[in-house]
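Enquirer: Kindly generate the corresponding structure for this input.
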Amino acid sequence: MGGRKGIAEMVRHFLDLADLDPDTLRGLIAEGRERKARRQGLPHGAVDADAPLEGRVLALIFDKHSTRTRISFDVGMRQLGGTTLTMSGSDMQLAREETIADTARVLSRYVDAVMIRIIDHALLAEMADNSTIPVINGLTKLSHPCQVMADVMTFEEQRGPIKGATVAWSGDSNNVLTSWVHAAARFGFALRVASPPELSARPELREWVKAEGGDVRFTTDAEAAVEGADCVVSDAWVSMGDDDAARPKRHNLLAPYQVNAPLMARASKDAIFMHCLPAHRGEEVTDAVIDGPQSVVFDEAENRLHAQKAILKWCLS
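Expert: Down below sits the predicted model:
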């Protein structure tokens, strides 16, 4: 057992951007961009020339619906030379109340890494604590680090280094915002967050970024947050894990935070618009913005593939 504990201590999990240092995160962005460049002209099913994960198996576990996360991790692992197994919670003994800890111990004997998309962040942490293989956070109610790695990569493709830039968030203080706050501290950009008081960022998140010295300002004024920004970001007003019964109230609270043409006009003239998708058009963003020339939402979606390939390779190195 001592040997297995030693192995566990060396495992590289990817759970939150806050867990990693700036140099590591910067290296992952560089790796993602390099891998993307190498694939120009190749069909999606072609394996990367170096096939760094040949013979490796990635388990994909989904507690909730998924499009981008499911496909990008599956295709990415295959392009790296590995294979995948995809399961939902109802497919597994988790549905019959096997503990997440026992599940982690079993999976550690069968596969080389786990990507899990689960609402409860504490269960993600419990899986990592009991795994002797890497665990990757595919999304929880608390954070969405893979998405924001793709977002940073996309910003830098479009506008150059993100360090020193200003990013504005307008909307609910949700899981994607948590990872944007972590990213601001790690990548050195300014983040301006506009949310209604009832949906403002958690005190713990505010305390974390203050302790880290991150340049993050929280406000209730969307126009002030967006003024002069290099990038404007929004997300759905009702996310997975939110109470659907609260939808009308949330819509009323968030209506002033819709990203529309007048709000975008307050940003820098060459500002870009980001959204992790799926978008609820006419709610958090208008068609004119998401389909307009400043929108890079489908570049973001594509870059999930490349950023996550870098994460997979790093975890399994």
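
Enquirer: Enumerate every residue touching the residue lying closest to Ser88 once chain neighbours are set aside.
Expert: Excluding its sequence neighbours, the residue lying closest to Ser88 (CB to CB, 6 or more residues apart in numbering) is Phe62, at 5.2 Å. C-beta: built from backbone N, CA, C; applies to glycine. Under the criterion of CB atoms under 8 Å, 6 or more residues apart in numbering, the contact list for Phe62 reads Thr69, Arg70, Thr86, Met87, Ser88, Gly89, Ile116, Arg117, Gly138.

Enquirer: For those residues, which single residue is the most surrounded?
Expert: Neighbour counts for the contacts of Phe62 (other CB atoms under 10 Å) peak at Gly138, which has 28 neighbours.

Enquirer: Run the chain-centre distance for stretch 151-168.
Expert: On the basis of CA atoms, centre = their mean, to the nearest Å, stretch 151-168 sits 15 Å off its chain's mean C-alpha point.

Enquirer: For it, list every residue counted as buried.
Expert: By 16 or more other CB atoms under 10 Å, the buried positions in stretch 151-168 come out as Asp151, Val152, Met153, Thr154, Phe155, Glu156, Arg159, Ile162, Ala165, Thr166, Val167, Ala168.

Enquirer: Next step: those residues restricted to strands.
Expert: Mapping those onto strands (DSSP state E) picks out Thr166, Val167, Ala168.

Enquirer: Now Arg26: phi and psi?
Expert: When read as degrees, to the nearest 10, the backbone of Arg26 gives phi -60, psi -40.

Enquirer: State the mean pLDDT of stretch 216-225.
Expert: Per-residue pLDDT over stretch 216-225 has a mean of 98.

Enquirer: And it, what's buried?
Expert: Using 16+ other CB under 10 Å as the test for burial, stretch 216-225 gives Val216, Phe218, Thr220, Ala222, Ala225.

Enquirer: hang on, Leu58 packs against Thr86?
Expert: No: in this structure Leu58 lies outside contact range of Thr86 using CB atoms under 8 Å: 9.4 Å.

Enquirer: For stretch 190-207, the averaged confidence score.
Expert: Mean predicted lDDT for stretch 190-207 stands at 98.

Enquirer: quick one: buried residues of stretch 78-91?
Expert: Within stretch 78-91, the residues that count as buried by 16+ other CB under 10 Å are Arg78, Gln79, Leu80, Gly81, Gly82, Thr84, Ser88, Gly89.

Enquirer: With secondary structure added, can I get the buried residues of stretch 216-225 in JSON lines?
Expert: Shown next, in JSON lines, are the buried residues of stretch 216-225 (DSSP: H, G, I helix; E, B strand; the rest coil):
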{"residue": "Val216", "secondary structure": "strand"}
{"residue": "Phe218", "secondary structure": "strand"}
{"residue": "Thr220", "secondary structure": "coil"}
{"residue": "Ala222", "secondary structure": "helix"}
{"residue": "Ala225", "secondary structure": "helix"}
